[in-house]
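# Build me a structure from this.
(one chain, ligands or ions: 2)
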Amino acid sequence: MKAIAVIPGQQNSIHMQDAPDPAPAVNEALVRVLRVGLCGTDAEINSGLYGEAPSGSDYLILGHENFGVVESVGSEVKGIKPGDYVVASVRRPCTECFNCQHGRADLCTSGKYTERGIKGRHGYMAEHYTESPEFLFKIDKAIKDIGVLLEPMTIVEKGAAQALEIQKRLPSNPRTALVFGAGPVGLLAAAALRVRDLDTLVVSKEADSDPRAQIAKAMGCRYFSIDGTSLGQLGKRIPCPDMIMECTGSSAVGFAAMQMLAADGILCLLSVTGGDKTELVHAAEINRDLVLRNNVVFGSVNASPTHYKLAIRALKTAQKKWPGVLAQLITTRLPWTDFAKWFNREVSGIKTTLEIRG
Ligand SMILES: [Zn+2]
Ligand SMILES: [Zn+2]
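Numbers count the residues shown, from 1 in each chain. Ligands and ions are numbered 1, 2, ... in the order given. Sure thing, here's the model as predicted:
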């Protein structure tokens with residue numbers, strides 16, 4: 001079969017190649033990939049920043065945001081059948097830590113987990129893959145057009161669900177939320193918060209007329225364009241929210257957000273910031289404010305099966321409440337042979353997918 005792969009560690013090594021056709025075991029399904037979503041992780045792996053080939057292979061098939069259809073199942077597979085639309089999760093457990101042995105590879109403590117398309121396992125930019133049903137999630141026809149958004153949705157669902165879980169420490173429930181960033185993750189975070197009926201403000205650098213702002217507003221969010229307003233001044237212009245989700249990719253925004261929380265508020269950091277940027281921060285002031293306001297700051301990455309189920313439910317609710325709105329996140333659908341256009345930054349827009357054709 002054809003596949004899109006990189007040589008991990010080698011800059012701009014992305015290429016299309018032949019790879020062995022996967023042969024499903026009796027307890028596995030064979031899935032035909034329909035499309036994959038592209039994100040910063042794929043770009044960073046192609047830049048050689050990280051990424052790891054499976055042992056015994058000198059290349060890594062890229063791709064973790066996936067959507068496909070089951071083509072056949074082994075004799076021991078139950079619960080899924082040919083024709084089912086599915087999304088496969090990304091992370092696989094290590095063999096030694098307690099959390100991985102208890103279904104929470106997203107909370108792996110050994111660091112020896114693997115991730116399809118990222119770390120030690122081939123990804124989904126291929127015509128087919130095989131997988132055990134425990135890592136496959138069935139997608140209803142009602143959300144098949146946005147099924148490729150499930151993986152990034154699981155990231156924000158885990159963040160939102162954990163924030164609300166932690167806030168059970170309070171007698172009151174969070175009512176107002178702020179999302180920093182109107183990229184795919186920020187807009188999906190806004191959807192996750194609106195599905196939970198939080199009064200949500202999205203703050204990003206795009207103008208009010210930008211499609212990103214329009215999508216946020218179509219889901220009942222307010223939108224604030226930070227263009228021309230410094231982060232420091234922003235705190236004086238908007239009310240302090242009970243909950244903030246940081247989705248910009250900027251560490252400076254994360255620290256600014258720490259000083260914008262309402263009393264008892266919580267900040268969820270979702271940006272995996274690369275590089276070694278240093279920043280002058282008002283450490284004493286930030287520490288004092290966090291203490292005096294009983295604030296919580298936490299980071300979140302990856303997702304468990306529970307969050308995949310929550311994310312499916314959130315996509316279904318969003319599709320029902322705002323038909324067709326989340327589909328507007330997918331601004332470019334490239335035939336997969338045109339993958340280089342995205343990696344060479346010839347494509348702009350919110351989210352690009354590669355449409356896989358055999
Ligand atoms: Zn991604
Ligand atoms: Zn582990």
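# Every contact and neighbour count from this point should use C-alpha atoms.
OK.
# residue ranges of the helices in this protein, please?
40-46, 98-101, 150-166, 184-195, 211-218, 231-237, 251-258, 283-292, 305-321, 339-343 (DSSP state H).
# Alpha carbons of the first one, as CSV, please.
Meaning helix 40-46. Only the C-alpha atoms of helix 40-46 are listed here, as CSV (Å, rounded to 0.1, in the frame of the first residue of the first chain):
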residue,chain,number,x,y,z
GLY,A,40,1.3,21.3,14.4
THR,A,41,2.6,17.9,15.7
ASP,A,42,2.9,16.6,12.1
ALA,A,43,4.8,19.7,11.1
GLU,A,44,7.1,19.5,14.1
ILE,A,45,7.8,15.8,13.4
ASN,A,46,8.6,16.7,9.8
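# Contact residues of the chain facing ligand 2?
Residues of the chain lying close to ligand 2 (Cα under 5 Å from the ion) are 94, 97, 100, 108, 110.
# closest to residue 120 out of the helices of the chain?
Smallest distance to residue 120 across those (Cα to Cα): 12.5 Å, for helix 40-46.
# Show me the contact partners of that closest one.
6, 8-14, 50-51, 62-63, 118, 343 (Cα atoms under 8 Å, 6 or more residues apart in numbering).
# Do me a favour and average the pLDDT over it.
Across helix 40-46, pLDDT averages out at 96.
# cool, stretch 329-346 as well?
pLDDT averaged over stretch 329-346 gives 97.
# And it, end to end?
Separation of the first and last residues of stretch 329-346 by Cα to Cα, to the nearest Å is 18 Å.
# so how far is it off the chain centroid?
Mean-position distance between stretch 329-346 and its chain equals 18 Å (Cα atoms, centre = their mean, to the nearest Å).
# still on that earlier bit, filter the contacts of helix 40-46 down to the ones in strands?
Counting by DSSP state E, the part of the contacts of helix 40-46 found in strands is residue 6.
# what's the closest of the contacts of helix 40-46 to ligand 2?
The nearest member of the contacts of helix 40-46 to ligand 2, counting by Cα to the ion, is residue 118 at 16.0 Å.
# measure the nearest residue to residue 78 once chain neighbours are set aside to residue 55 for me?
Counting by Cα to Cα, 6 or more residues apart in numbering, residue 133 is the residue found nearest to residue 78 once chain neighbours are left out, at 7.8 Å. Between residue 133 and residue 55 the distance, using Cα to Cα, works out to 23 Å.
# who touches the residue of the chain found nearest ligand 2 in this structure?
Scanning the chain for the residue nearest ligand 2 gives residue 108, at 3.6 Å (criterion: Cα to the ion). By Cα under 8 Å, 6+ apart, the contact set of residue 108 is 93-94, 97, 99-100.
# Also residue 231?
253, 256.
# Distance of it relative to residue 254?
Taking Cα to Cα, one finds residue 231 at 11 Å from residue 254.
# Over to residue 65?
Residue 65 is 25 Å from residue 254, by Cα to Cα.
# Between these two, which is the more surrounded one?
More neighbours surround residue 65 than the other of residue 65 and residue 254, with 27 against 22 (other Cα atoms under 10 Å).
# which residue packs closest to that one, ignoring adjacent ones?
Going by Cα to Cα, 6+ apart, residue 65 has residue 37 as its nearest residue, at 4.9 Å.
# Could you count how many residues lie near that neighbour?
Here the count is done by other Cα under 10 Å, and residue 37 has 24 residues near it.
# can you check residue 278 too?
Neighbours around residue 278, by other Cα under 10 Å: 8.
# cool, residue 206 as well?
Neighbours of residue 206 (other Cα under 10 Å): 18.
# correct me, but it touches residue 227?
Yes: with contact defined as Cα atoms under 8 Å, residue 206 reaches residue 227; the gap is 7.0 Å.
# All good on my end, thank you.
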